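>>> Fold the following, please.
(2 chains)
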Amino acid sequence: NAGVTQTPKFRILKIGQSMTLQCTQDMNHNYMYWYRQDPGMGLKLIYYSVGAGITDKGEVPNGYNVSRSTTEDFPLRLELAAPSQTSVYFCASSQGGGQPQHFGDGTRLSIL
Amino acid sequence: QKEVEQNSGPLSVPEGAIASLNCTYSDRGSQSFFWYRQYSGKSPELIMFIYSNGDKEDGRFTAQLNKASQYVSLLIRDSQPSDSATYLCAVNGEDSNYQLIWGAGTKLIIKP
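Below is the predicted model:
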C-alpha cells in the first residue's frame, strides 16, 4: 500500500546544478500536485496536473518544470538551482479537485 | 486574492481538555473543506474533510462548518500529547476546483 512515493528523501545541490524530483502514485489518481514548504510556512503550489499530458502552473512556478506522461508519474525538474529553492518539496495526488489530497513523505533539498 | 486564515499560535491546551482550532476563508463559493495534521519534519496527513454545513465527528475529532459565516473549525476532545502538531486548513476555490487554498497552519501544543 505505497500511496505517493517521492525520491530522493534528501539532496544537496550546488548553485547552478539541475535535478529531477521523482513522484509516483499507485492509487490511479488523475490529479497530482507539487508543493514547496519553507521553514515555518504553509504550502505553496508549484505545478499541478489534472491528467496525463496536462499540466498547469501554480503560485510559484518560476525555476521549475514538470511533465506528466503517465497517470502514475509526475516528476519535478529544477533547472539552474538557486539558494532560494532550498525547501521541502511535497508531491500529492487526489481523485478530483475537490477531493482530499494524499501526500508523499517529501524531499528535503538544500542548495549551497 | 482568495485566502484561508488561521491563527499561527502556538495554541497551548492542557492534556485531556478540548482543543479548538479555527479557520476562516474568503471564497464564498467554496464547497470542500479539509483539516490536515503535520508533525514536525513530516508530511501533511488528512484528519477530516467536510462538505456540508454542520458538524462531522470522527472519534475524538469534530469538524464544524458554517458557510454563512465562512469559517470551519476543528475540535479535538480529550487532547493527548501526541496531538501536538501543526494543523493545516485547506479549502477548494469556487473558480478553480483543481486546487486547494491552504492556510499557514496553527501550531498546537498539548501540555501533560
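>>> now the one residue sitting closest to the centre of chain A: how far from residue B:112?
Geometric centre of chain A, nearest residue: residue A:34, 3.1 Å, by Cα atoms, centre = their mean. According to Cβ to Cβ, to the nearest Å, residue A:34 and residue B:112 sit 38 Å apart. Every C-beta, even on glycine, is put in place using the N, C-alpha and C of the backbone.
>>> Please, where are all the strands along chain B?
For chain B, the strands defined by DSSP state E occupy B:4-5, B:11-14, B:19-25, B:33-38, B:45-50, B:54-58, B:61-66, B:71-76, B:85-93, B:96-102, B:106-111.
>>> Can you give the distance of the third one from its chain's centre?
So the one you mean is strand B:19-25. 6 Å (Cα atoms, centre = their mean, to the nearest Å).
>>> quick one: strands adjacent to that strand?
Partner strands and pairing direction for strand B:19-25 (DSSP bridges) are strand B:4-5 (antiparallel), strand B:71-76 (antiparallel).
>>> Ok, the fourth one next?
Sheet neighbours of strand B:33-38, with direction, are listed as strand B:45-50 (antiparallel), strand B:85-93 (antiparallel) (DSSP bridges).
>>> What mean pLDDT does it get?
Across strand B:33-38, the average pLDDT comes to 97.
>>> Off-centre distance for it?
Centroid separation between strand B:33-38 and its chain, computed with Cα atoms, centre = their mean, is 5 Å.
>>> now do the last one
Mean C-alpha position of strand B:106-111 versus that of the full chain (Cα atoms, centre = their mean) differs by 13 Å.
>>> Please identify the most buried of the strands paired with strand B:33-38.
strand B:85-93 (a mean of 24; mean count of other Cβ atoms under 10 Å in any protein chain shown).
>>> Rounded mean pLDDT for it, please.
Mean predicted confidence for strand B:85-93 is 93.
>>> ok, and what's touching that strand?
A:42-43, A:97-98, A:101, B:2, B:4, B:6, B:21, B:23, B:25, B:27, B:29-40, B:44, B:47, B:72, B:74, B:99-108 (Cβ atoms under 8 Å, 6 or more residues apart in numbering or on different chains).
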